[in-house]
Each structure stands twice: as structure tokens, then as C-alpha cells.
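Colleague: Show me the folded form of this:
(one chain, ligands or ions: 2)
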Amino acid sequence: MSKTQYLLSVDIGTTSTRAIVFNEAADAVATHQVEYDQIYPHPGWHEQRLEDLIGTVYTCLDGVAATIVSKGIKLDQIPALGITNQRETTCVWSKSTGKPLYNAIAWPDTRNTVTVKQLAFKSDLGVDAVKDKTGLPLSTYFSGTKLRWLLDNVPEVKAAHDSGDLLFGTVETWVLWNLTGGINGGVHLTDVTNASRTMLMNLYTTQWDKDCLEFFGINATALPKIVSNAEVYGKIHRGAFAGLPIAGMIGDQQAALVGNKCIEIGSAKNTYGTGAFMLFNTGEEVVPSNYGLLTTVGFQAGPNAKPIYALEGSIAVAGSSLKWLRDQLELVKSAPEVDKLAASVKDTGGVYFVPAFSGLFAPYWDDTAAGTIVGMSAYTNKAHICRATIEATCFQTRAILEAMAKDSRKQLSVLRVDGGMTNSDIGMQLQADILGMEVERPVMRESTALGSAVCSAVALGLFGWDLSKPETLKNVNVAGKTVFTPQNNEADRAWRVRGWEKAVQRSRGWKDDTLPTPRVEGAFDADEKVVWNSY
Ligand SMILES: Nc1ncnc2c1ncn2[C@@H]1O[C@H](COP(=O)(O)OP(=O)(O)O)[C@@H](O)[C@H]1O
Ligand SMILES: O=P(O)(O)OC[C@H](O)CO
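Modeller: Ligands and ions are numbered 1, 2, ... in the order given. Predicted coordinates for the structure are as follows:
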């Protein structure tokens with residue numbers, strides 16, 4: 001009798017890394033999770049240590065290995081690893097030494113505002129300079145503008161770039177390179193979903209685009225090779241899983257699309273983690289957005305498979321706003337306490353919180369917006385602030401859903417959700433109320449990790465799973481769901497949405513050019529640069 005097979009995923013999220021082992025029904029049979037440091041050196045700056053990104057991967061893999069062995073599962077019952085990751089976070093290291101050349105610049109970091117302005121100034125199309133090819137507006141969010149900032153501001157990075165010693169990668173690239181041996185034969189690859197967030201990849205060819213590289217002034221020698229989401233990339237070179245093939249690699253939001261089984265054209269999901277990201281599957285068609293959404297690769301199920309595309313609405317601050325209440329304001333001790341306080345009041349008492357800590361992403365794309373709380377009075381207490389914090393993500397989700405309906409000309413009838421913040425019952429009820437639509441939450445909410453595990457299974461031909469045949473996944477992740485139904489009426493909704501829109505207006509335009517840019521130790525200030533058109 002053949003042995004039961006299990007799937008393994010490692011998910012390097014924005015706040016923590018976790019390794020999860022799934023069975024064929026997608027039940028998580030073992031999990032090991034570790035948080036790592038977030039570094040905020042100046043307002044708007046957000047870094048992570050490259051050593052932590054790979055270190056926590058080994059810790060989680062070794063930890064989950066010990067757990068499954070203790071449950072009587074043998075390591076050889078796991079045939080492959082799938083990797084998934086926070087996207088856009090930008091890593092640079094030396095090809096010759098393998099050492100990081102700078103901390104990872106995390107995706108919410110906005111230090112590159114001036115870089116974005118400089119790039120937009122170079123093109124008659126302004127912030128839409130490369131949108132036709134990449135599906136993305138020029139923004140602080142994407143890796144290309146972060147890498148350009150590094151080249152302009154960190155002399156070691158520029159020198160390595162010019163001498164051919166620079167390796168660039170998003171988090172999956174750094175992790176894969178290390179897992180497969182680093183300077184001793186590590187493979188330098190990125191997958192097509194992560195590559196589609198750099199502003200350097202052409203959506204139609206799924207290859208690096210010569211014109212984009214020239215526009216950003218980036219040498220192709222620094223870039224990883226682009227590969228599909230389901231194929232064998234290499235083997236783990238050390239640790240509990242030494243010798244295990246790595247066969248799935250996919251950005252976390254696209255992984256959640258797969259894990260939530262939105263593999264058919266017209267299906268969509270919203271993942272509420274650090275940020276919140278709604279993806280709508282548009283099939284083999286690249287659908288440009290006219291309403292502030294991104295066009296991105298959804299998944300490519302093997303080197304010979306056609307890419308499947310998606311429209312994406314990205315919210316920069318979702319679960320992280322609850323962490324902010326906990327860690328920065330010290331208003332609560334935990335995220336569940338926010339839920340409890342939010343549920344203890346019947347409304348926000350007229351308070352709106354626009355958590356524009358990284359400016360506003362979709363559908364507004366405004367890097368001049370700043371975090372804003374409006375509508376307070378002597379009546380306001382912390383329960384109102386907690387409720388307004390949760391509602392902020394719900395209102396932004398509504399704005400994205402409206403943009404998606406306009407771009408795709410399709411109206412969703414139910415919203416499928418997953419991610420850490422969906423643990424909040426009050427949050428999901430408020431979401432249903434603010435949308436006027438049912439919200440469907442699965443029991444197993446680790447869709448991101450599951451998606452990369454599914455990719456690795458597809459690469460190896462396991463369980464008969466095929467992303468072009470949804471029926472092959474019909475028994476995956478069906479362990480039950482909760483449906484949240486709107487409890488209010490359209491008039492109440494309209495009134496609250498009007499208040500939100502007014503609050504958004506208040507947050508916009510706050511950060512103007514007069515605010516000082518902090519200096520980098522040992523580097524020059526972006527504001528002092530006079531070489532706008534030299535790259
Ligand atoms: N009970 C809860 N209510 C609301 N938010 C929660 C709850 N539990 C966790 N979260 C939020 O979920 C986020 C973590 O979700 P996760 O999917 O693990 O994110 P990531 O992959 O970005 O690290 C945190 O920002 C946290 O505030
Ligand atoms: O860490 P998450 O789950 O909020 O995901 C981060 C996104 O990939 C950023 O684009």
C-alpha cells in the first residue's frame with residue numbers, strides 16, 4: 001500500500017513566517033510560526049533583515065518537521081515544498097559573498113516618493129509611464145521604484161550593480177537562492193507572479209522588458225530568471241528537509257487566489273492580512289484597469305501553461321492597523337481585544353479612521369494622503385476608534401469592489417475571504433453590512449500557504465490536481481464555511497459610505513513636498529539629487 005502523502009508550504013508573510021503541512025483535503029495537520037522584527041528607522045520607512053527572512057524559514061521548516069514526526073508522519077511522506085511570500089519587498093545582496101547589501105525594503109515603505117516623482121517626470125505619460133506593459137502605475141509600492149532608490153542612495157548597491165556583483169530579488173528569490181545553496185550553487189529565480197510586481201516585467205511576454213529596464217536604469221545581470229509557479233526549481237540543501245525538491249513558488253496574494261480555488265474566470269477573493277488584497281481572475285486575458293486597479297499575473301501552472309491574469313485591488317493597511325492600535329498606541333493588548341471593543345458599541349459614533357500610513361493604494365493611489373481620524377467628540381472612546389479601524393478596511397474593500405465591477409463589467413454576488421483579519425466575526429459582519437453582499441469565510445483560512453502547496457502538487461502531478469480543471473480540486477478545503485449576511489439597509493449603507501468618502505478627502509494632500517526627507521547614514525539624500533534624467 002502506498003503511503004499517504006502530505007504537502008508542505010512555507011509562507012513568508014509581512015509580519016511572520018509559517019510552515020504548514022497539509023493533507024490531501026487541505027486540512028492543516030501541523031504549523032510552525034515565528035514572528036520577525038519590523039524596523040521603522042524613520043517615518044514612512046519599513047525594513048526587515050534579510051537574515052531574518054531566511055533564518056525564520058529554516059526555524060519554521062525544522063519546527064514543523066519535529067511536529068509531524070511526533071504525530072507519526074515520516075518526512076518522506078512529503079514530496080515537495082511550496083514557497084509563498086509577501087510581494088514587492090526588495091532584497092539586494094552580493095553574488096560573490098552572499099551577504100545582504102542593505103536591509104530588505106518592505107512593500108509598505110514610502111521612502112521612494114521622490115524617486116517616483118523623478119521617474120514620472122521622465123515620461124510624457126507621467127505615473128502611467130510603464131502601465132501599458134506592466135499593468136502598474138508608478139508608485140512607492142513596487143520593487144522597481146524601491147530598487148531605483150537603492151541604486152540612487154546606497155553606494156554599495158550602485159557599485160555592485162555597476163560591477164555585475166549585484167543580485168536583486170523579492171523575498172521568494174532570496175529564500176530560494178539560500179535554500180538551494182546560496183553562493184554554493186543557489187539558483188537565482190523569481191516566479192511570474194512576483195516578477196509581475198516589479199514594474200520590470202512585460203505582462204504579455206512574461207519576460208523582463210528591455211524598455212522598462214532602460215527606463216529604470218537597471219542592468220538585466222542583476223535580475224533573476226522568471227519561471228512558472230509550478231515546476232521543480234531545485235532542492236533544499238540543508239536542515240530537516242535537506243534533499244526535498246522545491247516545486248511551487250508564488251506571491252502570497254496569487255497563492256490565496258489558488259488556495260481559495262478562484263481558478264475559474266470571474267471568481268474573486270479578498271485576503272485580509274497585514275494589508276488586504278482582492279484579486280479577480282480574468283483568465284487568459286490581460287484586462288487593463290481604468291478605475292485604479294492593477295493588472296497582474298494570477299498564476300501559471302507550469303512552464304508550458306498559459307499565464308492566467310487577474311485584476312487586483314490592493315489596500316496597504318488592514319490587519320496592520322490593529323497592530324498599530326496594540327503596539328504604537330497601546331490601546332489594546334491583542335487583535336481579538338479590538339474585536340471585543342468594536343462589538344461593544346453599536347456604531348463608531350461618527351468616527352472615521354483612514355489609516356493611510358503608506359499613502360492610499362487602490363483605487364485612490366495617492367501618496368500625499370496621511371493617516372487621519374475624523375469625526376471625534378467628547379463622546380468618543382476607544383471602542384469607537386477600534387470599530388472605525390476595522391471599518392476602514394471594509395470601506396476600502398467596497399471602493400475596490402466598485403472599481404472591479406466597472407473594469408470587469410461583472411458584479412460579484414458573494415465575496416470569498418481569508419487571512420488573519422478574517423478571524424474577526426465583527427469585522428466580517430461589518431464587511432457584509434458595508435458591501436450589502438454576503439461574505440463567505442472558510443474554516444481553513446490559510447489559503448495563501450495552501451495555494452503554494454497546491455502549486456507544488458501540480459508540478460509533481462500529485463492527487464490529479466489540475467488548475468485548468470476546477471473539478472479536480474472539488475474536495476480541497478471544503479471543511480465548512482461561515483456566511484455573513486448584511487444586517488442593515490441600503491440607506492444606512494449609503495450614509496456611512498458618504499462619511500467614509502468625506503474622511504478620505506480629509507486625508508488626501510496632507511504630505512506635500514515641504515516635509516523633510518530623512519537622511520540615510522553614509523548615503524546622499526534623494527532630494528539633493530540633480531541627475532533626474534541620467535539613467
Ligand atoms: N481576531 C482578529 N481580529 C482582527 N484582526 C486579526 C485577528 N487576528 C489576527 N488579526 C490580524 O491579522 C494580521 C495577520 O494576518 P496574516 O494573514 O497572518 O498576515 P501576514 O501574512 O501579512 O503576516 C495581523 O495584522 C492581525 O492584526
Ligand atoms: O503580508 P500580506 O499577507 O499582507 O501580503 C503582502 C502583499 O503581498 C504585499 O503586496
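Colleague: So residue 238: helix, strand or coil?
Modeller: When classified by DSSP: H, G, I helix; E, B strand; the rest coil, residue 238 comes out as coil.
Colleague: List the contacts of the residue in the chain that ligand 2 sits nearest to.
Modeller: Nearest residue of the chain to ligand 2 (C-beta to the nearest ligand atom) works out as residue 273 at 2.9 Å. Every residue, glycine included, has its C-beta placed from N, CA and C. By C-beta atoms under 8 Å, 6 or more residues apart in numbering, the contact set of residue 273 is 13, 14, 252, 318, 319, 419, 420, 421, 448.
Colleague: rerun at 10 Å
Modeller: By C-beta atoms under 10 Å, 6 or more residues apart in numbering, the contact list for residue 273 reads 11, 13-16, 86, 252-253, 256, 318-320, 418-422, 448.
Colleague: Nearest spatial neighbour of it, chain-adjacent residues omitted?
Modeller: Excluding its sequence neighbours, the residue lying closest to residue 273 (C-beta to C-beta, 6 or more residues apart in numbering) is residue 419, at 4.4 Å.
Colleague: Check residue 512 too.
Modeller: In this structure, residue 512 finds its nearest non-sequential neighbour in residue 368, 6.3 Å apart by C-beta to C-beta, 6+ apart.
Colleague: what sits against the one you found?
Modeller: Residue 368 neighbours (C-beta under 10 Å, 6+ apart): 113, 356, 359, 360, 507, 508, 509, 510, 511, 512, 513, 515.
Colleague: For the stretch 101-250 of the chain, which segments count as strands?
Modeller: Using DSSP state E, counting those that start in this stretch, the strands found in the stretch 101-250 of the chain span residues 104-105, 166-169, 189-191, 201-202, 207-208, 225-227, 230-235, 245-251.
Colleague: Need the ones you listed in CSV (columns: mean neighbour count).
Modeller: Converted to CSV, the strands of the stretch 101-250 of the chain look like this (neighbours: other C-beta atoms under 10 Å):
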stretch, mean neighbour count
strand 104-105, 26
strand 166-169, 26
strand 189-191, 27
strand 201-202, 23
strand 207-208, 16
strand 225-227, 18
strand 230-235, 20
strand 245-251, 29
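Colleague: Redo the ones you listed as a markdown table? Include mean pLDDT.
Modeller: Below are the strands of the stretch 101-250 of the chain laid out as a markdown table (pLDDT from 0 to 100):
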| stretch | mean pLDDT |
| --- | --- |
| strand 104-105 | 98 |
| strand 166-169 | 98 |
| strand 189-191 | 98 |
| strand 201-202 | 98 |
| strand 207-208 | 98 |
| strand 225-227 | 98 |
| strand 230-235 | 98 |
| strand 245-251 | 98 |
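Colleague: Alongside ligand 1, which residues does the stretch 201-350 of the chain contribute?
Modeller: 273, 274, 319, 320, 322, 323, 335, 336, 339 (C-beta under 6 Å from any ligand atom).
Colleague: just the chain next, same as before
Modeller: Applying C-beta under 6 Å from any ligand atom, we find that the chain lies next to ligand 1 at 13-16, 273-274, 319-320, 322-323, 335-336, 339, 419-421, 423-424, 427.
Colleague: ok so, going back, tell me which of the residues of the stretch 201-350 of the chain next to ligand 1 is nearest to residue 128?
Modeller: Closest to residue 128 out of those is residue 274 (27.2 Å), distances taken as C-beta to C-beta.
Colleague: give me every residue that touches that closest one.
Modeller: 13-16, 38, 86, 106-108, 252, 315-321, 323, 419-421.
Colleague: Quote the end-to-end distance of stretch 360-374.
Modeller: 16 Å (C-alpha to C-alpha, to the nearest Å).
Colleague: what do you get for stretch 408-425?
Modeller: Terminal residues of stretch 408-425 are spaced 29 Å apart (C-alpha to C-alpha).
Colleague: And stretch 65-79, by the same measure?
Modeller: With C-alpha to C-alpha, one end of stretch 65-79 sits 13 Å from the other.
Colleague: And that stretch, what's buried?
Modeller: Residues 65, 68, 73, 78, 79 are the ones in stretch 65-79 that count as buried (16 or more other C-beta atoms under 10 Å).
Colleague: returning to what we had before: neighbour-wise, give me the winner out of the residues of the stretch 201-350 of the chain next to ligand 1.
Modeller: residue 322 (28 neighbours; other C-beta atoms under 10 Å).
Colleague: hang on, that one is in a helix, isn't it?
Modeller: Yes. Counting by three-state DSSP, residue 322 falls inside a helix.
Colleague: Who are the contact partners of it?
Modeller: With C-beta under 10 Å, 6+ apart, residue 322 has these contacts: 331-332, 334-339, 342, 355, 386, 389-390, 393, 420-421, 424, 427.
Colleague: Check the spacing between it and residue 209 real quick.
Modeller: 38 Å (C-beta to C-beta, to the nearest Å).
Colleague: Any idea how many residues pack against the closest residue to residue 264 other than its chain neighbours?
Modeller: The shortest distance from residue 264 to any non-neighbouring residue, by C-beta to C-beta, 6+ apart, is to residue 470 (5.4 Å). Per other C-beta under 10 Å, the neighbour tally for residue 470 reads 13.
Colleague: wait, doesn't residue 470 sit right on residue 267?
Modeller: Yes. Using C-beta atoms under 10 Å, residue 470 makes contact with residue 267 at a distance of 8.9 Å.
Colleague: Find residues that contact each of those two.
Modeller: Taking C-beta under 10 Å, 6+ apart as the contact rule, residue 470 and residue 267 both touch residue 261.
Colleague: still on that earlier bit, also within reach of ligand 2: list those from the contacts of residue 274.
Modeller: 13, 14, 86, 107, 252.
Colleague: Name the member of those with the most neighbours.
Modeller: Busiest of the ones next to ligand 2 among the contacts of residue 274 [other C-beta under 10 Å] is residue 252, holding 30 neighbours.
Colleague: re earlier: just the ones of the contacts of residue 368 in strands?
Modeller: Taking DSSP state E, every one of these sits outside strands.
Colleague: Single out whichever of the residues you listed has the smallest pLDDT.
Modeller: Checked by pLDDT, the contacts of residue 368 have residue 515 as the lowest-scoring entry (49).
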